[in-house]
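**Student:** Starting from these lines, generate the structure:
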Amino acid sequence: MSVDIEIKQGGLFKKSLDLGFLKSLCDKQGLSYGVANHAIALDDYQGGNDIAGISFVVYNRGKIGRGFNFWIGDNKKDCFVRLNNPCTDEDVSDFYNFIDAACERLKAKRFSQDGIIKNREEIMQIRENITEWNRTVLREQMTGDFIEWCIFGAVYPVFIEDSFREQIPYLNDRDVMASYIKYLHEKQARDCYYAKAIMYEDNAGNIFGRYAITEGVESIFPLKPYITMGANLDKQTAVKEWSVALGFFENGEYSSAGAMDFYDFVSKLNLNESTNKFDAKHVIINISKEDINMLMGGR
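**Tutor:** Residues are numbered from 1 along each chain as shown. Alright, predicted model coming up:
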């Protein structure tokens, strides 16, 4: 579910929008931005000023929830903003404050929300309505019959733990939201590397997946390998081999220590659900040089 906004630039003389437009809006509201990688985890934007067609994640570092998406149309005159639900109350507030600021900058007296024209003066009431609707969506989603449920947060994908979902039926809507806000922020405020598998194919058409872990880098790592949504492969694709590449980072330079079978890596480090848990599918690890030497057989 999502709320989709389109803002068309007003006035006779329309300017070309670029990174400076996004940056100025974020600076005004104290928001941050980045782009999602193929694991749907946040990366810094490393590109140029022309951002037409690039989807950004805009979020609040003080209360990290799901944030919202922003992109500029191909004509570089109009912009689009998307709120993914269920999000947090703070996401909704930041979203509509951003829209109001964008309308002001673009001299737009109205905008389109899910294909329906809305006046800028309606934003406060719309925000209240969406806040209440979003809380209902959150409860419905959290109490749904899901074997596995992933929330794509602003910074990391988070696979919701049963221990969190099981409390929902006993809380009112306001307390459900408060728990959700706390849960998402605490997961995402930690500065970690989100380990993601690089998928590749050999000449015979076999698919392989490889994770990379560096000594001394706190990493969010899966207990079982899986194909991420951004890999452009069906999740049921047969993978011939999963492996983990290990490396050192010294004096500003990276050096490879080699690679090993994924399942051997997990077994030799005794990784399990009682390890420093991140979410329902991941743990947080931080391996040392000694660990790497042990894993690689003393090499």
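
**Student:** list the buried ones in stretch 221-237?
**Tutor:** Of all the residues in stretch 221-237, those buried under the rule 16 or more other Cβ atoms under 10 Å are 221-222, 225, 227-228, 231. Using the backbone N, CA and C atoms, a C-beta is placed for each residue, glycine as well.

**Student:** how much space is there between Asn60 and Gly67?
**Tutor:** Between Asn60 and Gly67 the distance is 7 Å, computed by Cβ to Cβ, to the nearest Å.

**Student:** which one of the two has more residues nearby?
**Tutor:** More crowded of Asn60 and Gly67, by other Cβ atoms under 10 Å: Gly67, with 29 against 20.

**Student:** Any chance of the backbone angles for the more buried one?
**Tutor:** When read as degrees, to the nearest 10, the backbone of Gly67 gives phi 60, psi -150.

**Student:** Grab the nearest non-local neighbour of it.
**Tutor:** Tyr59 (3.0 Å; Cβ to Cβ, 6 or more residues apart in numbering).

**Student:** and what of Tyr183?
**Tutor:** Phe164 (5.7 Å).

**Student:** What's the local residue count around Phe249?
**Tutor:** Neighbours of Phe249 using other Cβ under 10 Å come to 12.

**Student:** Dihedrals phi and psi, it?
**Tutor:** Dihedral angles (degrees, to the nearest 10) for Phe249: phi -130, psi 110.

**Student:** how much space is there between the residue nearest to it when sequence neighbours are not counted and Ser163?
**Tutor:** The spatial neighbour of Phe249 that comes closest, neighbours along the chain excluded (Cβ to Cβ, 6+ apart), is Thr214 at 5.4 Å. Relative to Ser163, Thr214 is positioned 30 Å away (Cβ to Cβ).

**Student:** what's the answer for Gly252, then?
**Tutor:** Gly252 is 41 Å from Ser163, by Cβ to Cβ.

**Student:** So which of the two has more stuff around it?
**Tutor:** Ser163 (9 against 5).

**Student:** Could I get the phi/psi values of that one?
**Tutor:** phi -60, psi -30.

**Student:** mind checking the longest helix of the chain?
**Tutor:** Across the chain, the longest stretch assigned as helix under DSSP state H is helix 123-142.

**Student:** mind checking how far the helix or strand just after it is from the chain centre?
**Tutor:** Going down the chain from helix 123-142, the next helix or strand is strand 150-152, by DSSP states H and E. Here strand 150-152 is found 8 Å from its chain centre; the criterion is Cα atoms, centre = their mean, to the nearest Å.

**Student:** what is the mean pLDDT for whichever helix or strand comes after strand 150-152?
**Tutor:** Sequence-wise, the next helix or strand downstream of strand 150-152 (DSSP H and E) is strand 157-159. The pLDDT scores in strand 157-159 average 95.

**Student:** now stretch 270-286
**Tutor:** Model confidence over stretch 270-286, given as mean pLDDT, is 92.

**Student:** Quote the end-to-end distance of it.
**Tutor:** End-to-end distance for stretch 270-286, by Cα to Cα, to the nearest Å: 13 Å.

**Student:** cool, and stretch 68-79?
**Tutor:** 13 Å.

**Student:** Find the residue ranges of the stretch 101-250 of the chain scoring beneath the pLDDT cut-off.
**Tutor:** Applying pLDDT under 70 to the stretch 101-250 of the chain flags residues 147.

**Student:** Buried residues in the helix or strand encompassing Arg174, which are they?
**Tutor:** Taking DSSP H and E as the criterion, Arg174 maps to helix 173-188. Across helix 173-188, burial judged by 16+ other Cβ under 10 Å covers 176-177, 179-181, 183-185, 187-188.

**Student:** List of residues touching the next helix or strand after it?
**Tutor:** Downstream of helix 173-188, the first helix or strand assigned by DSSP H and E is strand 193-194. For strand 193-194, the external contacting residues (Cβ atoms under 8 Å, 6 or more residues apart in numbering) are 39, 41, 156-157, 214, 217-220.
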